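Undergrad: sequence and predicted model, in that order:
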Amino acid sequence: MDRSTGSGLSFAKRIYLPRGIGLGIGFFCVAFALWPLRPAPWLWALLVFNGFLWPHLAYQLARLSATPYKAERRNLLIDSVFGGFWAATMQFNVLPTVTILAMMAMNNIAAGGARFFLKGSLAMLAGIGLAVLLFGPAFNPDTSMPQLYACLPMLILYPLALGWVSYRLSIKLAEHKQALRAASRTDSLTRLFNHGYWQDLLQSEFIKCRGGQQRATVALIDVDHFKQINDQHGHLVGDSVLRLLSEKLVLSLRQEDMAGRYGGDEFCVILPNTPPVLAGEVMERLRQELAEIRSPLAPDLKITLSIGLAGYSPFQLDATQWLNAADQALYQAKSRGRDQVVTASETLVATDEELQAYPGA
């Protein structure tokens with residue numbers, strides 16, 4: 001957990017609800033156990049403060065602190081001190097004592113694991129010691145029926161509140177994990193797959209093709225004279241060109257096609273269940289459409305692409321050879337004058353159904 005101000009305040013907010021519920025209903029649990037002992041008025045005042053005012057004060061102390069996470073951890077230890085104090089003050093009446101201390105322990109484990117549970121236990125012992133010094137040691141194991149009924153809301157409602165908070169936290173953690181997973185495989189500029197993840201996809205597709213499950217084509221796309229674009233117009237224009245290309249790729253491809261940024265100004269696409277001739281038509285349409293698009297930062301700049309294609313071949317020993325075939329086709333496109341699509345092999349013919357599967361076909 002990031003213990004900075006923002007995340008620490010989020011931690012304090014998560015504790016606020018279960019603390020308010022737990023101490024509010026815990027008030028009645030302790031009050032029914034104290035009533036037969038005829039405690040002094042100041043004890044009643046302290047109990048009211050702990051049950052109904054302290055939850056709000058604790059949250060404000062954490063919210064206003066420069067380090068809310070540390071402040072909230074201190075608040076949890078204060079909760080434990082209060083719990084131990086009330087346990088000894090009500091002479092360890094069995095059911096109320098077990099209820100209060102168990103709820104405190106549950107809260108400490110949920111908030112900080114085994115190590116914080118140990119700290120909380122020591123804080124409860126400190127609270128017990130304080131009460132023993134004030135009132136002397138006493139033990140009253142008997143629990144009356146009113147005291148038992150007073151403990152039931154604590155035993156039912158507090159675990160539900162803590163469980164709900166834990167559930168919401170698990171949902172948020174799952175969302176964060178999913179976002180991190182997406183970030184680890186996505187290029188930050190183009191929002192396409194990054195080099196490493198696309199390479200993994202290529203290996204997976206190669207295995208499928210080798211097993212006879214499908215036919216596929218790989219495309220390598222290079223922005224012509226990209227270094228010159230950066231030198232003449234600046235890197236902001238260069239970045240805008242890459243974003244325009246990535247956006248056009250997403251619109252031009254099917255959902256199952258996999259586009260990535262291979263590095264610099266080079267893009268890569270895997271087109272499953274697509275023969276090279278169909279992939280060539282798709283890439284040619286992409287080349288022509290991008291030539292009509294202008295960057296708002298450089299309206300006079302014409303964007304052209306060199307594209308190399310390679311269909312899967314059973315003679316390829318691994319995915320690297322497949323990719324190298326597309327790279328050789330890309331080299332030929334550049335050597336022939338750029339702004340064109342070159343296919344390493346054109347032995348398969350696209351059906352009308354395959355062609356219609358692509359947007360804008």
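TA: Okay, I see it. Residues are numbered from 1 along each chain as shown.
Undergrad: what sits against the residue nearest the centre of the chain?
TA: When Cα atoms, centre = their mean is applied to the chain, the residue found nearest the centroid is His176 (1.0 Å). Contacts for His176 (Cβ atoms under 8 Å, 6 or more residues apart in numbering) come out as none. Every C-beta, even on glycine, is put in place using the N, C-alpha and C of the backbone.
Undergrad: sec struct for it, please.
TA: Assigned state for His176: helix (three-state reduction, DSSP: H, G, I helix; E, B strand; the rest coil).
Undergrad: mind checking how far it is from Thr97?
TA: Distance of His176 to Thr97, given as Cβ to Cβ, to the nearest Å: 39 Å.
Undergrad: what of Val223?
TA: Applying Cβ to Cβ to Val223 and Thr97 gives a distance of 73 Å.
Undergrad: compare these two (neighbour count), which wins?
TA: Thr97 (26 against 22; other Cβ atoms under 10 Å).
Undergrad: in this structure, where is pLDDT below threshold?
TA: For the chain, applying pLDDT under 70 flags the ranges 1-7, 345-361.
Undergrad: what's the domain layout of it?
TA: Following automatic domain parsing, one finds the domains of the chain at 5-183, 195-356.
Undergrad: ends of stretch 41-60, what's the gap?
TA: 27 Å (Cα to Cα, to the nearest Å).
Undergrad: residues in contact with that stretch?
TA: With Cβ under 8 Å, 6+ apart as the criterion, stretch 41-60 contacts 12-13, 15-16, 19-20, 23-24, 26-27, 30-31, 34, 72, 75, 78-79, 82, 86, 89.
Undergrad: just the buried ones out of the residues you listed, please.
TA: By neighbour count, with 16 or more other Cβ atoms under 10 Å, the contacts of stretch 41-60 hold 12, 15-16, 19-20, 23-24, 26-27, 30-31, 34, 72, 75, 79, 82, 86, 89 as buried.
Undergrad: so Ala319 sits against Trp198, correct?
TA: No: counting by Cβ atoms under 8 Å, Ala319 does not reach Trp198; the two are 10.9 Å apart.
Undergrad: for the stretch 101-250 of the chain, what spans make up the strands?
TA: Secondary structure of the stretch 101-250 of the chain, counting by DSSP state E, counting those that start in this stretch: strands at 216-223.
Undergrad: please apply the same query to the stretch 251-361 of the chain.
TA: Taking DSSP E, counting those that start in this stretch, the strands of the stretch 251-361 of the chain run over residues 258-263, 266-272, 305-311, 340-343.
Undergrad: tell me how far the third one is from the chain's mean position?
TA: Going back to what we said before, that points to strand 305-311. Chain-centre distance of strand 305-311: 36 Å, with Cα atoms, centre = their mean, to the nearest Å.
Undergrad: what's the single longest helix in this protein?
TA: Longest helix of the chain, by residue count under DSSP state H: helix 94-135.
Undergrad: return the list of helices and strands in contact with it.
TA: Counting contacts by 3 or more Cβ pairs under 8 Å, 6 or more residues apart in numbering; DSSP states H and E, helix 94-135 packs against helix 5-34, helix 68-89, helix 145-184.
Undergrad: could you redo those as CSV and give each row distance to Ala279?
TA: As requested, those are exported to CSV (distance: least, Cβ to Cβ, whole Å):
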stretch, distance to Ala279
helix 5-34, 47
helix 68-89, 53
helix 145-184, 27
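Undergrad: among these, which comes closest to Gln340?
TA: Nearest to Gln340 among the helices and strands packed on helix 94-135 is helix 145-184; the distance by Cβ to Cβ comes to 34.4 Å.
Undergrad: now do the buried residues in the closest one.
TA: 147, 150-151, 153-155, 158, 161-162, 165.
Undergrad: can you list these in CSV and add distance to Ile109?
TA: As requested, those are exported to CSV (distance: Cβ to Cβ, whole Å):
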residue, distance to Ile109
Gln147, 26
Ala150, 25
Cys151, 20
Pro153, 21
Met154, 17
Leu155, 17
Tyr158, 14
Ala161, 15
Leu162, 10
Val165, 13
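Undergrad: ok, the residues you listed vs Gly127, which is closest?
TA: Using Cβ to Cβ, the buried residues of helix 145-184 come closest to Gly127 at Met154, 17.7 Å.
Undergrad: OK, contacts around that closest one?
TA: 22, 25-26, 28-29, 99-100, 103.
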